[in-house]
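Undergrad: Structure for the following, please:
(2 chains)
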Amino acid sequence: GNSVTQMEGPVTLSEEAFLTINCTYTATGYPSLFWYVQYPGEGLQLLLKATKADDKGSNKGFEATYRKETTSFHLEKGSVQVSDSAVYFCALIFTYSGGGADGLTFGKGTHLIIQP
Amino acid sequence: DGGITQSPKYLFRKEGQNVTLSCEQNLNHDAMYWYRQDPGQGLRLIYYSQIVNDFQKGDIAEGYSVSREKKESFPLTVTSAQKNPTAFYLCATRRASGQNEQFFGPGTRLTVL
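TA: Now for the predicted structure:
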């Protein structure tokens, strides 16, 4: 079956540090890939996505590139802020030829803590 | 005010009771999903529905039931057969065919006493 593996947390960084959260996947075929963010007590918000190999998703200073050869989708940000503290989830999905889709397959999440 | 509504935010029930969680959307999205979140487990798919009057089991459907009588609504019933029902439950929707992003509601935290 499909699976997503993320680096274990918590990840603790100082403000303005460089961030990398690793994500690799196992799947038969080429899924679409996503990063979602969850703030305490809330639902998930879509952060960025990529739908095919070599696509780069970006949003709010975060970036991730779909690497087919390494089956990876690592999340990066050049300078983190305290407000980036949250839990980050990597996820994948397959879309059918008719346009339908099953549910997302998620990693276990990485808790990011940014200290002032 | 458009979006996905899950109510209530916190729900308490006694062991052995069935409980129904509400999910309503006014985004006119076709597909709706239910996920369960446990600490350190990520999110796992319970049920999903691509169109009205049709739904499919996800990875952990045992002990749960759903209905999809209206496009806007996808209630989830947690039955007494669910062994460990205490969790955070998240509803999500997806746009029309070809769009694969899912949008999440604020969640309901269910505690079974």
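Undergrad: Distance-wise, check the residue most central in space within chain B relative to residue A:56.
TA: Geometric centre of chain B, nearest residue: residue B:34, 3.0 Å, by CA atoms, centre = their mean. With distances taken as CB to CB, to the nearest Å, residue B:34 is found 31 Å from residue A:56. Where C-beta positions appear, they are placed from N, C-alpha and C, glycine not excepted.
Undergrad: cool, residue B:19 as well?
TA: Distance, residue B:19 to residue A:56, by CB to CB: 43 Å.
Undergrad: Which one's more surrounded, the two?
TA: Comparing residue B:19 with residue A:56 by neighbour count (other CB atoms under 10 Å in any protein chain shown), the higher total belongs to residue B:19, at 18 against 10.
Undergrad: Show me what from chain B comes close to chain A.
TA: Residues of chain B lying close to chain A (CB under 8 Å from any CB of the partner chain) are B:4, B:6, B:31, B:33, B:35, B:40-45, B:48, B:50, B:56, B:58-59, B:90, B:92, B:94, B:96-98, B:100-107.
Undergrad: Look up phi and psi at residue A:83.
TA: Note on residue A:83: backbone dihedrals following degrees, to the nearest 10 are phi -70, psi -10.
Undergrad: and the nearest residue to it once chain neighbours are set aside, what helix or strand is that in?
TA: If the residues on either side of it in the chain are set aside, residue A:83 comes closest to residue A:114, at 7.8 Å by CB to CB, 6 or more residues apart in numbering or on different chains. Element membership for residue A:114 (DSSP states H and E) is strand A:110-115.
Undergrad: Can you point out the buried residues in that strand?
TA: A:110, A:112, A:114 (16 or more other CB atoms under 10 Å in any protein chain shown).
Undergrad: got a list of what the second one touches?
TA: Right, the one you point to is residue A:112. A:9, A:10, A:11, A:13, A:19, A:21, A:80, A:84, A:85, A:86, A:87, A:88 (CB atoms under 8 Å, 6 or more residues apart in numbering or on different chains).
Undergrad: While we're on the residue lying closest to the fifth one once chain neighbours are set aside, how confident is the model there?
TA: Just to be clear, that refers to residue A:19. Counting by CB to CB, 6+ apart, residue A:19 lies nearest to residue A:77, which is 4.4 Å off, once chain neighbours are set aside. According to the prediction, residue A:77 has pLDDT 98.
Undergrad: Number of residues surrounding residue A:77?
TA: Residue A:77 - counted by other CB under 10 Å - has 20 other residues nearby.
Undergrad: Which residues are in contact with residue 70?
TA: Going with chain A. residue A:24.
Undergrad: that's the other chain; I wanted chain B
TA: residue B:52.
Undergrad: where does it sit relative to residue B:25, distance-wise?
TA: 10 Å.
Undergrad: Please apply the same query to residue A:48.
TA: 23 Å.
Undergrad: Just the pLDDT for residue 22.
TA: Just so you know, I chose chain A. 97.
Undergrad: actually chain B
TA: 97.
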